[in-house]
Structure formats: C-alpha cells, structure tokens
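> whatever this is, show me its structure:
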Amino acid sequence: MPGGRLTQQERQQIALGLADGLAYAEIARSLDRPTSTITREVMRNGGPTAYRADLAHRATERRAHRRTQAAPRVLEAPPQAHGRDAEAVREYEEAFTTVLMQAGTPKMMARVMTCLYTTDAGSLTASDLVQRLQVSPASISKAIAFLESQGLVRRERDDHRRDRYVVDDDVWYQSMIASVRANAQIIETAQQGVSILGRGTPAAARLENIARFLDFVSEGITRAAEQAREILHTKPETTPDSAAEPRSDRE
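Predicted structure coming up:
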C-alpha cells in the first residue's frame, strides 16, 4: 500500500469517485490507500459535496510551504502507556475525529472529545487540552461549552480546585437524556402550532405528526437508555460464596 502525500492525479480520482457517489472505502481501494487517508483528505478540503481536486492540491502545497518556512518547533507526543504505538494512536485519533465530524460535530469539539475519550483517565484540565491540541484557551473554552450543553462532557473540581472535564460510562446516557429534553421542547412548540394554524389544516397536520413522531421516539430513547444504563453499567456482585475455594465432594 503506497504511502506519502496524495498526488494531484489521486485527488482527481477522489473527486471523480465522490461525483459518482462512491463510498470512501471504495475510493480508497481503487487508489490502494487507507480509508482514513481518503476520509481526512475530503473532510479537510470542504467535505464530499464541496471537494475540488485542484483546490485541495493547492491548499496542501500551501500548508506544506508554511510548515517549511515556519521556525522549527518540536512537539512532543504524549507518552504512551501500555506499550501502545504512538503513530498508530495518532492515526486512530485522526480517524475518530473525522467520524465525529461526519456525524455533525464541529471540528474543535470533535478534537476535544477524541482527546478525552482516548485518555485513560477520562478527564483532562483546560491546560491539558491546550497543550495536547496546540490551540488557544479560548478555543477549548468554546468547545467545552458546546459539549457541556449537549451533555457530552461534565465538569468537576480536582484537589487543586481546577476544573476537570470528564467523559465516563454515564456521559452517553446523559447525552441521550439531554436529547430527549430538547425533543420535548420541539414537541411542545409543535403542539402549540396546531391550534394556531388550525386543526385539520395541512400545516397543522404536519406539526401534529412531528410532535407525535418525536414523542414516540423520545419515549423509546428514554426506555432504551435506562435499560442500557442498568444492564451494561452494573458490575457483577462478588459474594463470599463465589469468592471461596470450591469444596471437595469428598469432605
């Protein structure tokens, strides 16, 4: 499988593949490249609907030129525990960030989420995030505010009275419940529109269907989230009998 930067010809093939509606994996196979390489290339240069081969190639050349002209700056990769391959971890973090972006998460928020999810402790301070992502404190503050509003991170104070941003087993449950609360507001507003627009009219019927659909879905989400939280996050209890050595039948 070839390495190195994409050529202009490869970028043209990517553009043709996108125009034909091919998936990233199919384009990657045709170029004998990793799917993550194609995904990053497209998302970095406008996304699948705005990708242009010539613009992407010039943008890459400009970035390479700026890196060459800039003063040398050696960034130390975070130390890797458990014998992990630092390059493999970096590649995975880029791929995970790209997937979150494709799901609609803004880029900086996706980078912060990836950083937190791939940290063994599951929590970092703002200064930790600034150092790891090499961005401004303001960028971290804005990303954290967004993620908190979506229930995707929570904040707690450590022993040094610093804010720590945490992702744990409960985060996705809280995010689902936050989504249900947001749906509840839409449902209430849609129902108000039914009486205003006149029950029985096409517009009112549309709003009523929206309210009924979201109400049904929200009920299912809440029930599934509660069940998943109870089943998946409950650790098996250890009883004295189970911890004891098995007795011989010949006692």
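> just the element for the residue nearest the centre of the chain, please.
Centroid-nearest residue in the chain: residue 100, 3.2 Å away (criterion: CA atoms, centre = their mean). Using DSSP states H and E, the element containing residue 100 is helix 86-102.
> list of residues touching that helix?
Helix 86-102 is contacted by residues 36, 39-40, 43, 77, 80, 107, 109-111, 113-115, 117-118 when judged by CB atoms under 8 Å, 6 or more residues apart in numbering. (C-beta placed from N, C-alpha, C; glycine too.)
> please identify which pair of those residues lies farthest apart.
43 and 80 (25.4 Å; CB to CB).
> for the helix or strand that residue 230 is a member of, which helices and strands make contact with it?
Here residue 230 is covered by helix 202-232, with elements defined by DSSP H and E. In terms of contacts (3 or more CB pairs under 8 Å, 6 or more residues apart in numbering; DSSP states H and E), helix 202-232 is packed against helix 171-197.
> between residue 43 and residue 80, point out the one with more neighbours.
Higher neighbour count among residue 43 and residue 80: residue 43, with 20 against 13, using other CB atoms under 10 Å.
> excluding chain neighbours, what is closest to that one?
residue 98 (5.3 Å; CB to CB, 6 or more residues apart in numbering).
> give me the neighbour count for that neighbour.
Residues near residue 98, counting by other CB under 10 Å, number 21.
> okay, now residue 190: neighbour count?
20.
> need the next SSE after the helix holding residue 100, C-terminal direction.
With elements assigned by DSSP H and E, the helix or strand that comes after helix 86-102 is helix 107-117.
> nothing else from me, thank you.
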